[in-house]
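Visitor: predicted model and sequence below, questions to follow.
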Amino acid sequence: MSKQSGTIVKHRIGGWLPRNHDVLKQWLDKKIAYVEHPVRRDAALAPVIQDFQNFIEHDPTVYMGFHQMFEQVPTKPPYDNDPTGQPQVRDYLLMLKLFNNIIATAPAFEQNDLVGFPINAILDWPMGTTAGMAMFMRPDVDQQFKNMFDVWTTFLTSSDSCYVLDDSETGWFGPPASQAMPDFTQTYVCDPTAQYYGYKSWDDFFTRLFQPGVRPIAAPNDDSIVNSACESTVYRLASNVQLTDSFWLKEQPYSLAHMLNYDDYTSQFVGGTVYQAFLAATKYHRWHSPVNGTIVRTVMVPGTYYAESPEEGFPNPDVAGPNLSQGFITATAARALIFIQANNPDIGLMCFIGVGMAEVSTCEITVKVNDTVKKGDQLGMFHFGGSTHCLLFRPQTQVTYADNIAVEADVQLNSVIAQVSAATTST
């Protein structure tokens, strides 16, 4: 088997990973103190959390796994502290109490990068254990997380979640947030004269639109140009990707059959090209068509939320998993597939993949089969949760990246990422 080429880099995912551990320690201190306060210590759990507890305790394998994932975390520095510096959460009962609190709250703005991953502060070290890997790869465990996230989603899409959309120090329109998101009113559709800037919920804020003209569509009528589908940062550029590969190894090679869930179109991409880029927490979370063409298939693939590559586990675990596992999770995480038949025959069939990362990780597809799309037309969006995306091209598609496209490059939505030359034919 020939090796695929490309560069993978370990770095902190913009806006989703911790920068200031002291701030996050204080955040988890407050969460633990709140749920462990004498007046709340024995409070009833929400029904969905009680169901999660019953699920853990009634299945002996799961019961053992949810004990071992905490027991297998070393009891020595730095692993006797969780990634925020707080003494490690070491049992599933406190884990569930913290979940119970989190799903009834909206994320406030924090001057750190874990704003999008509150549950990672609890699960990060267990994710790096053998037992954690086994548990977080189980579909029935993922279903419990999904049930919990469905309840959280109901809250985040309600007006009750708007309380963090204010101008306080931890509000999303306060001074610290305004520094992180400068020129907000000029950049995003909003009404600064209205309560909550006109947003109806936290999710409405999270999926906000750009103001018209903020991200102009490059080369709208030039079908040889491929545009950026997301406001994102390049994670990896790979070629000669294989039908199946050992995606769990350190290099995390792409495994097309698993990425595309063994779709009938999979074989067309063997030997082709993958462009992967991630979306930052404070930025824009909608997907737009990179080409002019027609939607030929859409697929929602269920998957994991907290599984990370075994190569990122102990003895040197990812301190903000699954961020260093972005290649791995293209084969395992909940994701959306959108196959587009480009008008340009030199591109032909291509695929957009939206990959959820931890937390709610909801992917929503807003196009349907036979829709005609132009560059810049909306394809769908991520709802609250970490996110990364891929563009897949067939091997006969001759992709030449723009000069500014390189790993860790910030790329604006609708800007040029590549040009496709005429396919070569043998005589």
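Guide: Yes, it's here.

Visitor: all contacts plus neighbour counts: C-alpha atoms, from now on.
Guide: Will do.

Visitor: got a list of what residue 100 touches?
Guide: 45, 46, 49 (Cα atoms under 8 Å, 6 or more residues apart in numbering).

Visitor: cutoff 10 Å now
Guide: Going by Cα atoms under 10 Å, 6 or more residues apart in numbering, residue 100 touches 35, 44, 45, 46, 47, 48, 49, 50, 94, 148, 152.

Visitor: with residue 298 instead?
Guide: By Cα under 10 Å, 6+ apart, the residues touching residue 298 are 336-340, 351-353, 365-369.

Visitor: hmm, 8 Å instead?
Guide: Neighbour list for residue 298: 336, 337, 338, 339, 365, 368, 369 [criterion: Cα under 8 Å, 6+ apart].

Visitor: residue 61: neighbour count?
Guide: 11 (other Cα atoms under 10 Å).

Visitor: distance of it relative to residue 135?
Guide: With distances taken as Cα to Cα, to the nearest Å, residue 61 is found 9 Å from residue 135.

Visitor: do the same with residue 164
Guide: With Cα to Cα as the criterion, residue 164 and residue 135 are 33 Å apart.

Visitor: tell me the SS of the nearest residue to residue 241 once chain neighbours are set aside?
Guide: Nearest residue to residue 241, sequence neighbours excluded (Cα to Cα, 6 or more residues apart in numbering): residue 271, at 4.8 Å. Residue 271 falls in the coil class when you classify it by DSSP: H, G, I helix; E, B strand; the rest coil.

Visitor: hang on, isn't residue 271 packed against residue 240?
Guide: Yes: using Cα atoms under 8 Å as the test, residue 271 is close enough to residue 240 to be in contact (3.9 Å).

Visitor: shared neighbours of those two, anything?
Guide: Joint contacts of residue 271 and residue 240 (Cα under 8 Å, 6+ apart) are residue 395.

Visitor: contact partners for the residue nearest to residue 241?
Guide: 239, 240, 241, 242, 243, 394, 395.

Visitor: phi first, then psi, for the residue lying closest to the last one once chain neighbours are set aside.
Guide: It stands for residue 395. Nearest in space to residue 395, with sequence neighbours left out and distances taken as Cα to Cα, 6+ apart, is residue 272 at 3.7 Å. The phi/psi pair for residue 272 (degrees, to the nearest 10) reads phi -90, psi -160.

Visitor: do you know how far residue 272 is from residue 408?
Guide: 22 Å.

Visitor: more neighbours: these two, which one.
Guide: residue 272 (23 against 17).

Visitor: mind listing what that one touches?
Guide: Contacts of residue 272 (Cα under 8 Å, 6+ apart): 239, 240, 241, 392, 393, 394, 395, 396, 397.

Visitor: cool, and residue 229?
Guide: Contacts for residue 229 (Cα under 8 Å, 6+ apart) come out as 287, 288, 289, 290, 376, 413, 414.

Visitor: mind listing what the fourth one touches?
Guide: Counting by Cα under 8 Å, 6+ apart, residue 290 makes contact with 226, 227, 228, 229, 375, 376, 414.

Visitor: burial measure for the third one, as a count.
Guide: Other residues near residue 228 come to 25 when the count uses other Cα under 10 Å.

Visitor: quick check, it in contact with residue 419.
Guide: No: with contact defined as Cα under 8 Å, residue 228 does not count as touching residue 419 (11.7 Å).

Visitor: isn't residue 219 up against residue 225?
Guide: Yes: under the criterion of Cα under 8 Å, residue 219 makes contact with residue 225 at 6.8 Å.

Visitor: of those two, who's got more company?
Guide: Neighbours were counted for residue 219 and for residue 225 using other Cα under 10 Å; residue 225 has more, 26 against 15.

Visitor: verify the contact between that one and residue 418 for me.
Guide: Yes: counting by Cα under 8 Å, residue 225 touches residue 418, with 6.0 Å between them.

Visitor: now do stretch 52-69: distance to the chain's middle.
Guide: Relative to its chain's centre, stretch 52-69 lies at 26 Å (Cα atoms, centre = their mean, to the nearest Å).

Visitor: so where's the chain uncertain?
Guide: 1-27, 75-88, 111-116, 246-252, 307-327, 359-361, 385-386, 424-427 (pLDDT under 70).

Visitor: helix or strand right after the longest helix belonging to it?
Guide: Ranked by number of residues, the top helix in the chain under DSSP state H is helix 139-156. As assigned by DSSP states H and E, the chain's next helix or strand after helix 139-156 is helix 175-180.

Visitor: what ranges do the helices span in this protein?
Guide: With DSSP H as the criterion, the chain has helices spanning 21-36, 47-58, 60-71, 92-102, 120-127, 130-136, 139-156, 175-180, 184-187, 202-206, 256-259, 326-329.

Visitor: tell me which two in the contacts of residue 290 are the farthest apart.
Guide: 226 and 376 (10.7 Å; Cα to Cα).

Visitor: what do the two both touch?
Guide: Common neighbours of residue 226 and residue 376 (Cα under 8 Å, 6+ apart) are 290, 291.

Visitor: neighbour count: these two, which is higher?
Guide: Between residue 226 and residue 376, residue 226 has the larger neighbour count (other Cα under 10 Å), namely 27 against 24.
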